[in-house]
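Asker: quick one: sequence and predicted model below, then my questions.
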Amino acid sequence: MSSPEQWTHPEPREGPAATAAAPTAEQVIAGLRATSEGGPELVQLLTPEGERIENPEFDRYVADVTAEDLRALYRDMVLVRRADREANALQRQGQLGIWVPLLGQEAAQIGAGRALRDTDMVFPSYREHGVAWCRGISPKEILGIFRGTDHGSWDSNAKRFHPYTIVIGNQVLNAAGYAMGQRFEGKVGDGDSEATMCFFGDGATSQGDVHEGFVWAAVYDAPLVFFCQNNQWAISEPTERQSRLPLYHRARGYGFPGIRVDGNDVLATLAVSRWALDECRHGNGPVLIEAFTYRMDAHTTTDDPTRYRHSDELEAWKLKDPIERVRVHLVRHEHADQDFFDSVQADADELAADLREFCFSMPHPPVNQMFDHVYAEASPFVDAQRDEFLAYQANFAGGEH
Amino acid sequence: MAAPVLNKKPGAATATQSLTLGKALNQGLRAAMEADPKVIVMGEDVGKLGGVFRITDGLQKDFGEHRVLDTPLSESGIIGAAVGLAVRGFRPVCEIQFDGFIFPGFDQIVSQVAKLHARTLGRVKVPLVIRVPFGGGIGAVEHHSESPESYFAHTAGLKVVSCSNAVDAYWMIQQAIQCDDPVLFFEPKRYYHSGFMKAEVDTTVAPDPLFASRVVRAGSTATVVAYGPSVKVALDAATAAEEEGRSLEVIDLRSLSPLDLGPVFESVRRTGRLVVVSEAPSEASLTSEIAARVQQECFYSLEAPVLRVTGFDTPYPPAKLEEEFLPDLDRVLDAVDRSLAW
Ligand SMILES: Cc1ncc(C[n+]2csc(CCOP(=O)(O)OP(=O)(O)O)c2C)c(N)n1
């Protein structure tokens, strides 16, 4: 499965040049289909109707998943969605400066996140609240970024979850370097092998850093899974504005496998991620996963998607909701009863209430925080600036002005 | 290329319009596009969305997709492609979404944009404008509140300007587009839509030259120099100082490279004191340059050393600390006090 030749790649489609006259709504949607429609190459194990479909290549990667595990995946998704909605509401109430919603991308993130081992490393972008959850990071630890008290409070070494990266694409090269390190330290092969997973969006694939990351990981056979969440939009720009080919096809040009998975199918995402991580652990080098999904909310709370997006598209995607299909599956196979769903809901509500309370109780950060960690070694210049400013502030408090 | 559809401006009969800084930029861009079919606007989300700050609102609707390009998400691409377009005879106006995202395009700016004219012994011109919403005070997350202008002022071959009010915004963007050199155009984002920065913009009155500083408030006790978002801080400080019987002269630099320090020298020779205000960190910055040149030119007139009120030499802090980070009225007044106490 590791050979790139096994992945078929159609010829580039005949498409309009990127600067053609303004496309109609229909053309935009047609373009989206051409570059982004799931198609036969999409790995799916659970249909939107909750039917389990067989897949000879990938079934074995989830053969061990029990009904209990499925319930756990369901619970993960419900809880991260609830935390996400709560944070969104907190922003609307003026408690957060901004929020980056995850709504719709729960399966992509939980499937990937639950495929990881504790010793693996993750390089997220800024929307990976679900992956963070899988790394044992509470939504509370993320809140400070958006409330403006810090730039991320978790211990990224301990959790093996790098700080959120806001400059699009930067983390992809950082992840390549980290994964090279894993290889240089002999952490590939059998036994206690490690891998790295790096998250970015479809828009990010236009950045030079992402291209360079592909090159570096490939030539050093770095154990790195590139996990592209194609949520169809980069703020107002559809995937078509970034690429004429389905994104996973790009991997071939760099000499490693690319694969597209139904990003709204948590089981398929788990299977494909496990396969890809396995490839890495065995020293076969990088893999690109394109998780085909949809951002169901605005880009961020400052965005207005009604300016660029058709409501029909949103409605169509609602039918592919990642949580609903697992719920239907669990019910249909009598893997879960109402008590289970009620208890998950209760847990979710408790999580949300806890998050809300925590948000209100977050203290104003001390001024020192700004000066204290600029350098790892002593910096007399910055220290002097801090002392001068603190003296000035004390002076001010004393009513001199 | 599709012919531009020229919209008659609402209220075009009267030359004066009351505009916010953001709307003035929008109108200035529109005027430049109407005047020259080679002017094109390009950047992330500038089309349908009108840019994340809506500065390009409505332009794609009226000028079409050939002239307002929603580009792929790549700053090196935006600037690098703009160089090619400029070589081909276009006048691209690139929008960088936020100050902190200019760096993926930094290589193109310092390696190509800045040097092409000199390298070709003047045969190739690069008349492009790079618009950068800059500065803090909007409660944003990392990389959305930076003041990177000194990097560009440091590079020969680039011109760097910053507007601080609606009238300048309207004119300076048009002048920058007309300029045959590449211009980095820094816009104080926190005042884009603020009501108190609204001004009457007379579109018939000839503007001041682009690369010139301007005295925006006359005074005699001390001189305060600022640019971009700090101009308002300086003006507010001058108003507050007046109550204490101090008369501050405020100069808006407007042009950061070339620096037009003539009016500053002239002012300092009268007042003997200078305070320079900027949100950028102080080390090796524009404010360092101003302090050095003023002490060189006005050494015998100075009654006190040149003082600077700037952002700290730290990464831009989380939003809850930006009030402490940003120069405010009190820090400016404190510097004036220290200067006078010398
Ligand atoms: C270098 C850089 N340029 C611009 C931005 C502003 N920006 C933030 S998110 C975004 C769109 C990203 O789209 P995509 O990569 O598809 O990820 P998504 O947000 O959809 O998950 C843009 C343009 C940025 N953060 N960094």
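Answerer: Yep, that arrived. Values in this document were obtained by computation on a predicted structure and should not be read as measured data. Numbering: from 1, shown residues only, chains lettered A, B, ... in the order given.
Asker: give me the helices and strands touching the longest strand along chain B, please.
Answerer: In chain B, taking DSSP state E as the definition, the longest strand is strand B:274-281. Contacting strand B:274-281 under the criterion 3 or more CB pairs under 8 Å, 6 or more residues apart in numbering or on different chains; DSSP states H and E are the following elements: strand B:222-226, helix B:230-243, helix B:262-271, helix B:286-297, strand B:307-311, helix B:329-340. The way it works is simple: take the backbone N, C-alpha and C, and place the C-beta from them, glycine included.
Asker: now with 7 Å, please.
Answerer: Under the contact criterion of 3 or more CB pairs under 7 Å, 6 or more residues apart in numbering or on different chains; DSSP states H and E, strand B:274-281 touches strand B:222-226, helix B:230-243, helix B:286-297, strand B:307-311, helix B:329-340.
Asker: can I get these in JSON lines including distance to chain A?
Answerer: Converted to JSON lines, those look like this (distance: least, CB to the nearest CB, whole Å):
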{"stretch": "strand B:222-226", "distance to chain A": "17"}
{"stretch": "helix B:230-243", "distance to chain A": "10"}
{"stretch": "helix B:286-297", "distance to chain A": "13"}
{"stretch": "strand B:307-311", "distance to chain A": "10"}
{"stretch": "helix B:329-340", "distance to chain A": "6"}
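Asker: dump these into a markdown table; add distance to B:Lys320, mean pLDDT and mean neighbour count as well.
Answerer: Listed next are the helices and strands packed on strand B:274-281 as a markdown table, based on distance: least, CB to CB, whole Å; pLDDT from 0 to 100; neighbours: other CB atoms under 10 Å in any protein chain shown:
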| stretch | distance to B:Lys320 | mean pLDDT | mean neighbour count |
| --- | --- | --- | --- |
| strand B:222-226 | 25 | 98 | 30 |
| helix B:230-243 | 20 | 98 | 21 |
| helix B:286-297 | 25 | 98 | 18 |
| strand B:307-311 | 16 | 98 | 23 |
| helix B:329-340 | 18 | 98 | 20 |
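Asker: nearest to A:Pro365, out of those?
Answerer: Comparison of the helices and strands packed on strand B:274-281 against A:Pro365 by CB to CB identifies strand B:307-311 as nearest, at 16.7 Å.
Asker: show me what the closest one pairs with in its sheet, parallel or antiparallel.
Answerer: strand B:274-281 (parallel) (DSSP bridges).
Asker: extract the C-alpha trace of the strand it pairs with and format it as CSV.
Answerer: C-alpha atoms of strand B:274-281 as CSV (Å, rounded to 0.1, in the frame of the first residue of the first chain):
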residue,chain,number,x,y,z
LEU,B,274,11.2,66.0,20.7
VAL,B,275,9.1,63.0,21.7
VAL,B,276,8.7,60.3,19.0
VAL,B,277,5.7,58.0,19.2
SER,B,278,5.2,54.7,17.5
GLU,B,279,3.6,51.3,18.3
ALA,B,280,6.6,49.4,16.9
PRO,B,281,9.3,48.2,19.3
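Asker: which residues of the stretch 1-150 of chain B fall in helices?
Answerer: Using DSSP state H, counting those that start in this stretch, the helices of the stretch 1-150 of chain B run over B:21-35, B:59-63, B:75-87, B:106-107, B:116-119, B:149-153.
Asker: so for B:Glu279, which of the ones you listed sits nearest?
Answerer: Taking CB to CB, helix B:149-153 is the member of the helices of the stretch 1-150 of chain B nearest to B:Glu279, at 9.5 Å.
Asker: for the stretch 101-250 of chain B, which residue gets nearest to the ligand?
Answerer: Of all residues in the stretch 101-250 of chain B, B:Phe101 sits closest to the ligand, at 3.6 Å by CB to the nearest ligand atom.
Asker: please tell me how far that residue sits from B:Ala222.
Answerer: 37 Å (CB to CB, to the nearest Å).
Asker: again with A:Gln345
Answerer: 65 Å.
Asker: I'd say A:Val272 and A:Leu288 touch.
Answerer: No. The criterion here is CB atoms under 7 Å, and A:Val272 misses it with A:Leu288 at 11.0 Å.
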